[in-house]
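1. how would this look folded up:
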Amino acid sequence: MHFKHPEVLYFLFLLLLPILVHLFQLRRFKTELFTNVRFLKELVVQTRKSSKLKKYLLLATRLLLFAFLILAFAQPFFEAKDHKNANNELYIILDNSFSMQAKGKKGELLKRAVQDLLEQAPENTQFSLITCTDNFWNTDIKSIQKELQNLTYSATPFQPESLLAKVKAHPSAFKKDIVIITDGVGLESKSFGKPQPDENVYFILPEAENTNNIAIDSVYLHQTLDQFYEIGVAVTAHGDDFKDIPLAIYNQGKLVAKTLVNFDQPKQQLKFNLPKEDFHGYVSLNDNALEYDNTYYFSLSKPQKNNVLSIGDNNNATFLGKIYTTDEFNYTHYELRNLDYNAIEKQDAVILNELPDIPASLQTTLKTFVAKGGNVVVIPAANANVSALNALTKALGGGYTYGNWKTEEQLISKINFNHPLYSQVFEKKTDNFQYPKTKASYRVQSSLPSVLEYNDQSPFLSATTNGIANIYYFAAPIDKDYSNFCNSPYLIVPTFYNMALSAQKVGINALVIGDSKPFITNSILGKDEIVSITNANESFIPVQQIMNQKVKLTFNDNPKTAGNYKVDRKGQFLENLSFNYARTESNLNNRNTAIADEFKEIDSTDHLFDTLQADRNDTQIWKWFLLLTLLFALVEIAIQKWVK
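-> The predicted structure is shown next:
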């Protein structure tokens, strides 16, 4: 037993006073004479014994009364088992990502967790609350009540590593209790590290009752027809036992197409024809699970011609003129000696067609061109200056090195069907394709993804990207003296056609919130002019970099809400743009409860504060001593009244 105020125990010396009073309290008895002294003597003896017993009882009662009263003021207590952590600071990490939109026994997981905090958190308890988007340091439940009630789902995924690092970096003189409230969807155990001696990490893992969910994964341009765009809509059913559901497409709020999705397979690819005109709308469906992935916003613009420039010998450029026809491309060809360098910045793609040498000035220009979003295709010449080639690949980002020339016939026998260059070209994979071959090529060292490979798995065509531009490297010349690649129309046409396309001119504009991928818009900005992104509910100014006749936009974590937006400059419309939430949390079956294996687990949010304090609160017993004081006071009164 311990005492909160042990100095009060010195007053126990006062117990000597009742003892002294008892010892020195002398009462004289008056003698009365009677004729029959035998009976009187017996009466006197009996009275003295009764009086002495009463005094001893009163003495004991008073001693105990004063002793318990003094002990009560000293406030005795039994020390808690976990008293060393009684002063720990509390940090609550609350997952407000979209998977917490799922419904548990008492409603949506996030809303239930918030409600439990509001109801169960003691008003005088200080804690810090960290979510995917907000930080509330050293606060109490009353101060953030309104913010918690208005807490919304975050477009930023739940990233425990960064949130834990933020908590650990927060200065504190005490140990930390870290409570993580998450459903565990899509999380890995390694994200939480190992338990640290100065931290107590607890997990609350709310569980959804219904884990079935249907998500619209993406919308893509399947092909461009004469009068229509054929778009594809990728839909995935996570779970089992799904019924047919309706899916609709809206343009500017008006219904333009509708169909019924049959989930005989979990993944479905739906095709729709849309008029070849500006589109600014969304695809939507309705299920009884997560809502955030039921709508996919996208924009399409009227087709614009792509600008393609090839540099090389005139005799080697004939096949390019047949691919880049005037109805879809503005194709220009220059020999190196006649090259207009100023024309490069106006292109969407530049093809270096078997140049024996690449001047340093051209290397610098192409480096700037790629940084502004232009595609570059490098086809080496048989007599190429390898040093100049490698200087160019290094300037464009590296990862690819040309080596020695080898005269060895090789078959181009493998197509990477999953590469974006071919993802929408072939309806199915084939192994009996009449593959082309090369008679000679360069030995290359490449860490870049291969698009086409030789039969020895060395790359023939490799590709890389900087997020806004693509760079393609061939390992061999493709003219007829060294290859029959030009005689394979089913391969060469889609290859060069897609390499020259600017996705922002012919593709679907649908960005992912939080993605670092920049966006290039064609606009000439004057001094102090800026581009803004707006819709009816939100407006923000992205990070922007002026690049001659283009502006590079970077959005970071903006916008906060998915939807259709427009790019404008001082109220002048430039183009349409759409944003969507990342589909990283659509699969509710991807729940990892093992993240709590090395840590402590609390049953539910409403038990949070009781669990934390269960073994940390000292057992206060001063009230019992006060009750004993009152009890012995009543005992004394009883003795005085009934003991003679």
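
2. where does pLDDT dip in this structure?
-> By pLDDT under 70, the low-scoring segments of the chain are 2-5, 25-51, 77-86, 198, 424, 426-433, 502-506, 613-620, 622, 644.

3. got the domain boundaries for it?
-> Following automatic domain parsing, the chain resolves into domains at 2-79+620-642, 84-210, 224-230+239-293, 306-505, 509-580.

4. mean neighbour count and distance to Glu598 added to those domains, as CSV?
-> C-beta coordinates here come from the backbone N, C-alpha and C atoms, glycine included. CSV is the format used below for the domains of the chain (neighbours: other CB atoms under 10 Å; distance: least, CB to CB, whole Å):
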stretch, mean neighbour count, distance to Glu598
domain 2-79+620-642, 13, 28
domain 84-210, 17, 6
domain 224-230+239-293, 15, 29
domain 306-505, 17, 36
domain 509-580, 16, 29
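
5. how about residues contacting stretch 343-354?
-> 306-313, 316-317, 320, 332, 334, 358, 365-366, 368-369, 372, 374-382, 384, 392, 477, 479, 496, 499-502, 505, 548-549 (CB atoms under 8 Å, 6 or more residues apart in numbering).

6. at 7 Å instead, please
-> Stretch 343-354 is touched from outside by 306-313, 316-317, 320, 332, 358, 365-366, 369, 374-381, 477, 479, 499-500, 502, 505, 548, with contacts defined as CB atoms under 7 Å, 6 or more residues apart in numbering.

7. and it, how far out from the chain's middle?
-> Chain-centre distance of stretch 343-354: 39 Å, with CA atoms, centre = their mean, to the nearest Å.

8. show me what contacts the residue nearest the centre of the chain?
-> For the chain, the residue nearest the mean C-alpha position is Pro157 (1.7 Å; CA atoms, centre = their mean). If a contact means CB under 7 Å, 6+ apart, then Pro157 has Ser97, Ala582, Thr584, Glu585 as its contacts.

9. who's in contact with the third one?
-> Neighbour list for Thr584: Pro157, Gly186 [criterion: CB under 7 Å, 6+ apart].

10. which element is Ala463 on?
-> For Ala463, the element it lies in under DSSP states H and E is strand 459-465.

11. restricting to C-alpha, output that strand in PDB.
-> Taking C-alpha atoms only, strand 459-465 is exported to PDB below (Å, rounded to 0.1, in the frame of the first residue of the first chain):
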ATOM      1  CA  PRO A 459      15.700  -6.500 -76.700                       C
ATOM      2  CA  PHE A 460      15.000  -5.400 -80.300                       C
ATOM      3  CA  LEU A 461      12.700  -2.500 -79.200                       C
ATOM      4  CA  SER A 462      12.800  -1.000 -75.700                       C
ATOM      5  CA  ALA A 463      10.800   1.800 -74.200                       C
ATOM      6  CA  THR A 464      10.900   4.200 -71.200                       C
ATOM      7  CA  THR A 465       8.900   7.200 -70.000                       C
END
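
12. which element follows it toward the C-terminus?
-> Using DSSP H and E, the helix or strand that follows strand 459-465 in sequence is strand 470-474.

13. what is the next helix or strand after that following strand packed up against?
-> Tracing the chain past strand 470-474, the next element assigned as helix or strand by DSSP H and E is helix 489-500. With contacts defined as 3 or more CB pairs under 7 Å, 6 or more residues apart in numbering; DSSP states H and E, helix 489-500 has these neighbours: helix 318-323, strand 375-380.

14. follow-up on the earlier one: so the residue nearest to the centre of the chain sits in a strand?
-> No. Counting by DSSP: H, G, I helix; E, B strand; the rest coil, Pro157 falls outside a strand, being coil.

15. next, work out how far apart it and Thr182 are.
-> According to CB to CB, to the nearest Å, Pro157 and Thr182 sit 11 Å apart.

16. and for Asp116?
-> 14 Å.

17. just Asn150 next, same as before
-> Remark: distance between Asn150 and Thr182 (CB to CB) = 20 Å.

18. Ser310 now?
-> 54 Å.

19. can you check Phe98 too?
-> Noted for Phe98: a distance of 12 Å to Thr182, by CB to CB.

20. coming back round to it: I'd like the domains of the chain as TSV, with distance to His607 appended.
-> Formatted as TSV, these follow (distance: least, CB to CB, whole Å):
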stretch	distance to His607
domain 2-79+620-642	22
domain 84-210	8
domain 224-230+239-293	27
domain 306-505	47
domain 509-580	33
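
21. between those domains, which one is closest to Asp217.
-> Among those, the nearest to Asp217 by CB to CB is domain 224-230+239-293 (8.1 Å).

22. now the end-to-end length of the closest one.
-> Start and end residues of domain 224-230+239-293 are separated by 27 Å (CA to CA, to the nearest Å).

23. please report how far the closest residue to Asp226 other than its chain neighbours lies from Val233.
-> For Asp226, ignoring the flanking residues on the chain, the nearest one in space by CB to CB, 6 or more residues apart in numbering is Lys276 at 8.0 Å. From Lys276 across to Val233, the span is 18 Å (CB to CB).

24. Gly397: what's it in contact with?
-> Thr464, Asn466, Ile471.

25. give me the secondary structure label for it.
-> Quick answer, by three-state DSSP: Gly397 is coil.

26. distance of it from Tyr490?
-> 30 Å.

27. dihedrals phi and psi, the residue lying closest to Ala360 once chain neighbours are set aside?
-> Excluding its sequence neighbours, the residue lying closest to Ala360 (CB to CB, 6+ apart) is Ala391, at 7.5 Å. Dihedral angles of Ala391 (phi, psi; degrees, to the nearest 10) stand at phi -60, psi -40.

28. what sits up against stretch 520-532?
-> 373, 468, 504, 539, 541, 544, 546, 549-553, 567-570, 574-575.

29. and with 8 Å instead?
-> The list of residues contacting stretch 520-532 from outside it, by CB under 8 Å, 6+ apart, reads 372-373, 468, 504, 539-542, 544, 546-547, 549-553, 567-570, 574-575.

30. same question, stretch 599-613
-> 90, 112-113, 116-117, 119-122, 125, 177, 179, 181, 192, 195, 200-206.

31. so which of these sit within strands?
-> Leu90, Asp177, Val179, Ile181, Asn200, Val201, Tyr202, Phe203, Ile204 (DSSP state E).

32. beta partners of the fifth one?
-> Looking back up the chat, that one is Asn200. Asp177 (DSSP bridges).

33. same thing with the first one?
-> On DSSP bridges, the residues paired with Leu90 through beta bridges are Phe127, Asp177.

34. ok so, going back, got TSV for the ones in strands among the contacts of stretch 599-613, with distance to Ala102 too?
-> Formatted as TSV, the ones in strands among the contacts of stretch 599-613 follow (distance: CB to CB, whole Å):
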residue	distance to Ala102
Leu90	26
Asp177	27
Val179	20
Ile181	14
Asn200	28
Val201	24
Tyr202	22
Phe203	17
Ile204	15
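
35. relative to the whole chain's centre, how far out is stretch 636-643?
-> Averaging C-alpha positions (CA atoms, centre = their mean) puts stretch 636-643 75 Å from its chain's average.

36. make TSV out of the helices and strands packed on helix 489-500 and add distance to Ala248.
-> Output for these, formatted as TSV (distance: least, CB to CB, whole Å):
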stretch	distance to Ala248
helix 318-323	38
strand 375-380	35
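
37. spatially nearest residue to Thr61 (excluding sequence neighbours)?
-> Glu636 (4.6 Å).

38. ramachandran angles for the one you found?
-> The phi and psi values for Glu636, taken as degrees, to the nearest 10, are phi -60, psi -40.

39. do the same with Ile637
-> For Ile637, the backbone dihedrals (degrees, to the nearest 10) come out as phi -60, psi -40.

40. ok, it - contacts?
-> Shown in contact with Ile637 (CB under 8 Å, 6+ apart): no residues.
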